[in-house]
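Asker: What shape does this take:
(chains A, B and C, ligands or ions: 2)
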Amino acid sequence: MTALIIFAILAILLVTGMPVSIALGLTVFTFLFGFSDVPMDAIALKLFTGIEKFEIMAIPFFILAGNFLTHGGVARRMIRFASSMVGHWYGGLGIASVLSCALFAAISGSSPATVMAVGSILLPAMVRQGYPPQFGVGTITSSGGLGILIPPSIVMVMYAVATSGMVVTGPDGGPVMSASIGDLFMAGVIPGLMLATMLGGTTMWRAWKKGYPRMPRAPMIDRWKAFRESVWGLMLIVIIMGGIYGGIFTPTEAAAVSAVYAFIVAVYVYKDIKLSDVPKVLLNSAAMSAMLLYIITNAVMFAFILTSEQIPQGLSAWIVELGLGKVGFLLVVNILLLAIGMVMEPSAIVLIMAPILYPVAMALGVDPIHFGIILVVNMEIGLCTPPVGLNLYVASSLSKLGLTDVTKATWPWLLTMLTFLMLVTYIPEITLLLPRLMGM
Amino acid sequence: MLRLLDRLEEVLIATLIAVATVLIFLAVTHRFAIGFAADLVGFARAREMTGLADFARSMFMFVNSLKMTWAQEACIYLFVWMAKFGAAYGVRTGIHVGVDILAERLTGNKRRAITTIAMSGGILFTAILTWIGTDFVYHVRNGGQTSPDLEMPMWIIYLAVPLGSALMCFRFVQALHLFLTTGEIAHHDHGSVDGLDEEAEDLAKGGHA
Amino acid sequence: QDKIIIKFSHVVAPDTPKGKAAARFEELAELYTNGAVDIEVYPNSQLYKDKEEMEALQLGAVQMLAPSLAKFGPLGVREFEVFDLPFIFADYDALRKVTQGEVGAGLLAKLEDKGISGLAYWDNGFKIMSANSPLKSPDDFLGLKMRIQSSKVIEAYMNKLGAVPQVMAFSEVYQALQTGVVDGTENPPSNMYTQKMNEVQDHATVSNHGYLGYAVIVNKQFWDGLPEDVRVGLDKAMLEATEYANSIAKDDNDQALAAMEAAGTTEFYTLTDEERAAWMEALAPVNEEMAERIGAETIAAVEAAVSQ
Ligand code: NA
Ligand code: NA
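Answerer: Ligands and ions are numbered 1, 2, ... in the order given. This is a model prediction of the structure:
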């Protein structure tokens, strides 16, 4: 009953279109005034301490690093490299755009920016080569989602932050250690490559069926040149993953170091950004980070209310009692997240839903890293589903196609992503193989 | 006057993120340098190279005499301030994401009403925060707590909440006023990427692929 | 008549010594006050996290806590940092002379100005050092990056050993030790075991060089407002709970050490008398360095109490 009241208030406030962070905060206050005896002071504390965790600081650093390198020039280098490698396959530029998105994802934690950067260059090129615009739109809208699955990923940091420090028990009653940012990044690699391959496969198959044009095979020397040009950007992911696993720094420190690296590459190596443009990049990154940190603060407060009203605990007991089991529960989770993903943004969904679903998942014996990746894949699909899907919006504005047309064009790839979601959900090894190999 | 406030807000948050980044970068470099010097001492000792060992030892002593244990704490507080003031800046530039499907579909008076409600929600929330925040800071000041590493008074750090919320409240009032008088709503494009025009030009000239 | 509700919040699991002692106190307190009091224990940071709980207590959002003694320095009562000094307590007997004597009571009394009443000291245990290389002499620490919790005293003694102290969030420690971002750390055996740090540390030295403990505290205004008979009942319950807490804390550490030795991933070393003397000699200057912070008279009082 309490849960219903809380979520009803939240839903009503959200529908007005007010910022998600404000809606979360107002829900808490409304509930406190009207329905609860939790003292106001108890809540005030959370406003101050909600983001006082060093792990959370990875978010602004990764955003800053991504913003230095989210530039048309960097995208062009990735695209040139990708098309020199796979442009001669079936699907030509289409398959090159999947690869470009995957490469761009390794420096950016944002999906819509990936769609924008790759799409604005490749879409016109594809149309000029005789592809129907729908084909390019479908490829790029879906592949853009790789941004949050291939590390670095802001959504993964959000999941780690939302679940770390939660003391939950496994099916045997023993405590479960939550997933660290490092674990999640490592776990995202194989699923990321696998999804890229599957999206590429779909692209190839459709191109082959329709007989779309291929490009001439690029000579070795061109490939090498394109690789050398793009390698500076791609080193970012090497620094992050290598630094974390080589014992040089913690994930948050890796994020700060990668921001400094990205600055040097953008300003002094690529010279895409002038020194005088740097304050603008800083300002944009600060604003974007502040928006996310603001959501986190209010989501922490919201989670506190839920916990003090015993809602996750009650839900957990209820679902365990239902006897859905792991298989049934994960199916329900996927359906629920896909539904919410249609109307809300990924970071807010993860912050609100992870604390609620996580204890249940752990009680049923789902691995905390695996559960995180399932959430991320759902968020990725949510970016491509109407009515609210940032990837769709960006693709629509790029292609001048309406939202409905873009959605229709994306369908084959969306089906591929749903298939992939099922595989990731029910074959935990896809996710856990690499972290286990690394001895985690 | 207002322009000055806008500018101050921008300079403040951009500086905070820059300082935090440089600080953590230095802390990592510092730790790396210490590890390197210590390894060098061990290396030289094992090979009985006394000159190198002495040099490495004094290098180690020097780097280790610079203390960076406070860096993480400082980074957290810099970002707390950035988050509170950045959120206010975000209202001005429309960066806060919301579920605006309904508002987008409505027209005329209905749209006007729902948007006014949404923005008033922002005003109400931030006003409450300013009030609670001030009260809280007052309590903490009496408690006399300091932060563990920097040993800074906590109330100064926590001042970010009432100040940031007050500014944010003001930004919401401004936004509502702008909407009611002109019908405009600030909107940030979350998929924006710089440098695409140059690339498009390049493309038009047949510059690639 | 309505029951008096006491919210007792702590940040560890219910099955740890502190968690069990809190549960025991709940049981005894309700018994000795004839049900006039209802203790609500909130474990696992369910209500407030480590960083928040002190303010929550001062604001009256919770009534009772058992924070680590290290939390009182930042609160403005730096005398409590005396507990962090290396080798200040030779063993549990020496420790009890302080925590159950006048000096301990005097320290708790200093919290009154902060709106807090101190009721008792609960043990966590004595700390051991761990790293990926053997730690027999102070020289073995040279250049080692050691994770510590925020504390000026701990920072000072790690520096004295030639180690490089690193402040790091608890949640990041395991991976940092595993990958080698830091080389070692210090913990009571029970913490080391529950955090599985023995899996990622090759060597540990049972140095017992430092003490980790808690103080059970209450909101002063709330406490002073309780009826006399209720407070007497609660005091009695606290006395028994404290005895229980300290006995199980010691057992817990002994068991954890035995379990880690059995697991075989870490080589445990016990210092010889000469080696221990060398450590103590190396760290002796720390007391002097810290005298200005902690207060020379507090250090002297503790030293006098333990040598009685
Ligand atoms: Na990414
Ligand atoms: Na969607």
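
Asker: Just the mean pLDDT for the helix or strand that contains A:Phe302, thanks.
Answerer: Element membership for A:Phe302 (DSSP states H and E) is helix A:278-308. Mean pLDDT, helix A:278-308: 90.

Asker: How about stretch A:100-112?
Answerer: For stretch A:100-112, mean pLDDT rounds to 86.

Asker: re the thing from before, can you name the next helix or strand after the helix holding A:Phe302?
Answerer: Following helix A:278-308 toward the C-terminus (DSSP H and E): helix A:311-322.

Asker: List the buried residues of that next one.
Answerer: Across helix A:311-322, burial judged by 16 or more other Cβ atoms under 10 Å in any protein chain shown covers A:Ile311, A:Pro312, A:Leu315, A:Ser316, A:Ile319, A:Val320. (Glycine included, C-beta is placed from N, CA and C.)

Asker: likewise stretch A:216-225?
Answerer: Quick answer for stretch A:216-225 (16+ other Cβ under 10 Å): A:Ala218, A:Arg223.

Asker: for stretch A:235-245, same thing?
Answerer: A:Met235, A:Leu236, A:Ile237, A:Ile239, A:Ile240, A:Met241, A:Gly243, A:Ile244, A:Tyr245.

Asker: Any chance of TSV for the buried residues of helix A:311-322, columns pLDDT?
Answerer: Putting the buried residues of helix A:311-322 into TSV (pLDDT from 0 to 100) gives the following:
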residue	pLDDT
A:Ile311	83
A:Pro312	81
A:Leu315	81
A:Ser316	78
A:Ile319	82
A:Val320	80
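
Asker: tell me the two of those residues that are most distant?
Answerer: Greatest spacing in the buried residues of helix A:311-322, by Cβ to Cβ: A:Ile311 and A:Val320 (14.9 Å).

Asker: Now, the buried residues of stretch A:235-245 that are in helices?
Answerer: A:Met235, A:Leu236, A:Ile237, A:Ile239, A:Ile240, A:Met241, A:Gly243, A:Ile244, A:Tyr245 (DSSP state H).

Asker: Can you tell me which of those is closest to ligand 1?
Answerer: Ligand 1 has its nearest neighbour among these in A:Ile237, at 8.1 Å by Cβ to the ion.

Asker: Grab the nearest non-local neighbour of that closest one.
Answerer: Distances taken as Cβ to Cβ, 6 or more residues apart in numbering or on different chains put A:Ala106 closest to A:Ile237, at 4.0 Å, once the chain neighbours are dropped.

Asker: Contacts only, for the residue positioned nearest the centre of chain A.
Answerer: Ranked by distance to the mean C-alpha position of chain A (Cα atoms, centre = their mean), the top residue is A:Ile148 at 2.6 Å. Going by Cβ atoms under 8 Å, 6 or more residues apart in numbering or on different chains, A:Ile148 touches A:Ala105, A:Gly109, A:Ser110, A:Ser111, A:Ile154, A:Val155, A:Met156, A:Pro346, A:Val376, A:Met379, A:Glu380, A:Leu383.

Asker: ranking those by neighbours, who comes first?
Answerer: Highest neighbour count within these: A:Ser111, with 33 neighbours (other Cβ atoms under 10 Å in any protein chain shown).

Asker: mind checking how far that residue is from A:Ala105?
Answerer: From A:Ser111 across to A:Ala105, the span is 8 Å (Cβ to Cβ, to the nearest Å).

Asker: try C:Ser68
Answerer: According to Cβ to Cβ, C:Ser68 and A:Ala105 sit 42 Å apart.

Asker: Kindly report the same for A:Thr30.
Answerer: Here the criterion is Cβ to Cβ. By it, A:Thr30 lies 39 Å from A:Ala105.

Asker: same thing with C:Lys160?
Answerer: According to Cβ to Cβ, C:Lys160 and A:Ala105 sit 48 Å apart.

Asker: Spit out the contact partners of the closest residue to B:Ile17 other than its chain neighbours.
Answerer: Sequence neighbours aside, A:Ala286 is the residue nearest to B:Ile17 in space, at 4.4 Å (criterion: Cβ to Cβ, 6+ apart). Contact partners of A:Ala286, counting by Cβ under 8 Å, 6+ apart, are A:Pro60, B:Ile13, B:Ala14, B:Leu16, B:Ile17, B:Met82, B:Gly86, B:Tyr89.

Asker: isn't there a helix covering the fourth one?
Answerer: Yes. Counting by DSSP: H, G, I helix; E, B strand; the rest coil, one finds B:Leu16 located in a helix.

Asker: re the thing from before, could you check the angle helix A:311-322 makes with the helix holding A:Phe302?
Answerer: Using axes from the mean of the first three to the mean of the last three Cα atoms, to 10 degrees, the direction of helix A:278-308 lies 60 degrees away from that of helix A:311-322.

Asker: Now do helix A:278-308: distance to the chain's middle.
Answerer: From the chain centre to the centre of helix A:278-308 is a distance of 16 Å (Cα atoms, centre = their mean, to the nearest Å).

Asker: Now it: buried residues?
Answerer: Across helix A:278-308, burial judged by 16+ other Cβ under 10 Å covers A:278, A:281-307.

Asker: so what pLDDT did residue 170 get?
Answerer: If you meant another chain, say so; for now it's chain A. Reported pLDDT for A:Gly170: 85.

Asker: that answer is for a different chain, and I need it for chain C
Answerer: At C:Phe170, the model reports a pLDDT of 76.

Asker: Flag the helix or strand of the chain with the lowest per-element mean pLDDT.
Answerer: By default, I'm working from chain A. Using mean pLDDT, DSSP states H and E, helix A:40-49 stands out as the lowest-scoring helix or strand of chain A, at a mean of 77.

Asker: To clarify, I was referring to chain C.
Answerer: Ranked by mean pLDDT, DSSP H and E, the weakest helix or strand in chain C is helix C:170-179, scoring a mean of 86.

Asker: quick check, it touching chain A?
Answerer: Yes. Judged by Cβ under 8 Å from any Cβ of the partner chain, helix C:170-179 comes into contact with chain A at C:Ser171, C:Glu172, C:Tyr174, C:Gln175, C:Ala176, C:Gln178, C:Thr179.

Asker: Packing partners of that helix?
Answerer: With contacts taken as 3 or more Cβ pairs under 8 Å, 6 or more residues apart in numbering or on different chains; DSSP states H and E, helix C:170-179 sits against helix A:181-210, strand C:145-148, strand C:184-187.

Asker: The same query, at a cut-off of 6 Å, please.
Answerer: Of the remaining helices and strands, none touches helix C:170-179 by 3 or more Cβ pairs under 6 Å, 6 or more residues apart in numbering or on different chains; DSSP states H and E.

Asker: just for chain B, where's the confidence low?
Answerer: Flagging of chain B using pLDDT under 70 yields the residue ranges B:190-193, B:195-209.

Asker: mind listing the helices for it?
Answerer: With DSSP H as the criterion, chain B has helices at B:2-46, B:50-65, B:71-93, B:101-105, B:108-143, B:154-158, B:160-182, B:196-204.

Asker: Out of those helices, indicate the one that is most buried.
Answerer: Stretch with highest mean neighbour count among the helices of chain B: helix B:71-93 (a mean of 24; mean count of other Cβ atoms under 10 Å in any protein chain shown).
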